[in-house]
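A.B. asks: Structure of the sequence below:
(one chain, ligands or ions: 1)
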Amino acid sequence: MVAAACAIAVWYTIETSARLGPATTNQALLVLLAFNSVAVLTGLVLSTVLGERARAMRELRGRHDELEARVRERTREVERANRAKSDFLATMSHELRTPLNSLLILAGMLRDNPVRNLTPKQIQYVHTIHSSGTDLLALINEILDLARIESGAPVRLDPALVRLADLQVYVEQTFRQLAVEKGVGFRVELDGAPAEIRSDQRRLQQILKNLLANAFKFTRRGEVALRVAPAAAGWSAGRSSLEGAAQVVAFSVTDTGIGIARDKQEMVFEAFQQADPSTSAEYGGTGLGLSISRELARLLGGDISVSSEPGRGSCFTLYLPGDAGSAP
Ligand code: ADP
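C.D. replies: Numbering: from 1, shown residues only. The predicted structure follows:
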């Protein structure tokens, strides 16, 4: 470009100097010299700047690629560590379950005292062994469940049509007696919900059992209710399986129990977290139920949310795609 500008300037000077006198020609040549020097200098500066810029760009791209490679490597390391942790938990839980099962079977046989040779005190001890063993087994099963889900290993789902009336019978059978024993009211309502939805019945029962067991555990007086109804909102943003569903069904478990402080309402969904660890001796539990329930809900294409007020009660709501035709 600089060369072209210089060439045009030379051509123009020659053209015009032929028509002018020698004095003006000398002046024109001087101007031409000055113009060409400035043009060449500008060209030199420009080419240096452009060269520098290209070098900086190359360096930047190199750094960017290097950083990207490092992030990829770190992500792989974290994934490897996470998988190793989950594999360890899964193996340990499995190894613990086998001897524990035999212990429970034998304690169960002893508890029945078939040859009537145990004293009442001894029978009481066996009862304690059996119930502690059962708690331990439940804990191990929960850890195994969570490890399986967290490891990213495919969790087998059995999608099928679930009749909500059957679900109502299941929760009645599981919790009615407990409600009577605790002197707490218990209501199950199907309020405009579809007759059936497509989901994994066992997993759905597991989530509702967790939510209802918590509701009864943390409620001394008043009422626990399960209401199943269509819903239009309430789940966390971005759950495409719910947003894209023709219908969403909400399973709301409401209680009049101790409630959860606002700043603890998200934390209770994390593994091994309890709203108030100082009350764990009173209420028991491990802080795993809600994290498993939320993971399971998400596997089923749904979500769980909570609203609660300390001293007044809580409402945990499970949202599931409610179309009878959609697979989880
Ligand atoms: P766990 O009940 O075994 O401790 P969860 O994960 O089911 O474990 O619950 C975590 C915590 O959330 C509980 O320890 C309790 O602090 C709080 N929580 C859950 N459900 C309720 C409820 N219905 N009312 C009050 N607090 C609750």
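A.B. asks: Tell me where the chain has helices.
C.D. replies: 2-19, 22-112, 120-150, 164-182, 201-217, 240-243, 280-283, 289-299 (DSSP state H).
A.B. asks: Which among these is found nearest to residue 191?
C.D. replies: Relative to residue 191, the nearest member of the helices of the chain by Cβ to Cβ is helix 164-182, separated by 10.6 Å. The C-beta positions use only the backbone N, C-alpha and C, and glycine is treated the same way.
A.B. asks: What residues sit buried inside that closest one?
C.D. replies: 164, 167, 168, 170, 171, 175, 179, 182 (16 or more other Cβ atoms under 10 Å).
A.B. asks: Contact partners for residue 10?
C.D. replies: With contact taken as Cβ atoms under 8 Å, 6 or more residues apart in numbering, residue 10 is in contact with 32, 36.
A.B. asks: how much space is there between it and the ligand?
C.D. replies: 87 Å (Cβ to the nearest ligand atom, to the nearest Å).
A.B. asks: how much space between residue 66 and the ligand?
C.D. replies: Distance from residue 66 to the ligand, by Cβ to the nearest ligand atom: 43 Å.
A.B. asks: So what's the residue count around that residue?
C.D. replies: 10 (other Cβ atoms under 10 Å).
A.B. asks: show me the contacts for it.
C.D. replies: Listed by Cβ under 8 Å, 6+ apart, residue 66 has no contact partners.
A.B. asks: Nearest residue to the residue of the stretch 1-150 of the chain at minimum distance from the ligand in space, please, no chain neighbours.
C.D. replies: When scored by Cβ to the nearest ligand atom, the stretch 1-150 of the chain has residue 142 as its residue closest to the ligand, at 8.3 Å. Spatial nearest neighbour of residue 142, chain neighbours left out: residue 288 (4.3 Å); criterion: Cβ to Cβ, 6 or more residues apart in numbering.
A.B. asks: Could you count how many residues lie near the one you found?
C.D. replies: Considering only other Cβ under 10 Å, residue 288 is surrounded by 20 other residues.
A.B. asks: Likewise for the one 3 residues further on?
C.D. replies: For residue 291, the tally of surrounding residues (other Cβ under 10 Å) stands at 20.
A.B. asks: This protein against the ligand: which residues are in contact?
C.D. replies: 210, 214-215, 218, 255, 257-260, 268, 274-276, 285-291, 314 (Cβ under 6 Å from any ligand atom).
A.B. asks: okay, how far is it across stretch 155-175, tip to tip?
C.D. replies: With Cα to Cα, to the nearest Å applied, stretch 155-175 spans 27 Å between its terminal residues.
A.B. asks: go on, stretch 272-281?
C.D. replies: Its start and end residues considered, stretch 272-281 measures 14 Å (Cα to Cα).
A.B. asks: could you point out where this structure is predicted with low confidence?
C.D. replies: Filtered on pLDDT under 70, the chain yields the residue ranges 1-2, 5-6, 17-23, 324-328.
A.B. asks: any idea what sits nearest the spatially most central residue of it, other than its immediate chain neighbours?
C.D. replies: In the chain, the centroid-proximal residue (Cα atoms, centre = their mean) is residue 295; its distance is 6.9 Å. Spatially, and ignoring its direct neighbours in sequence, residue 295 is nearest to residue 149 (4.5 Å; Cβ to Cβ, 6+ apart).
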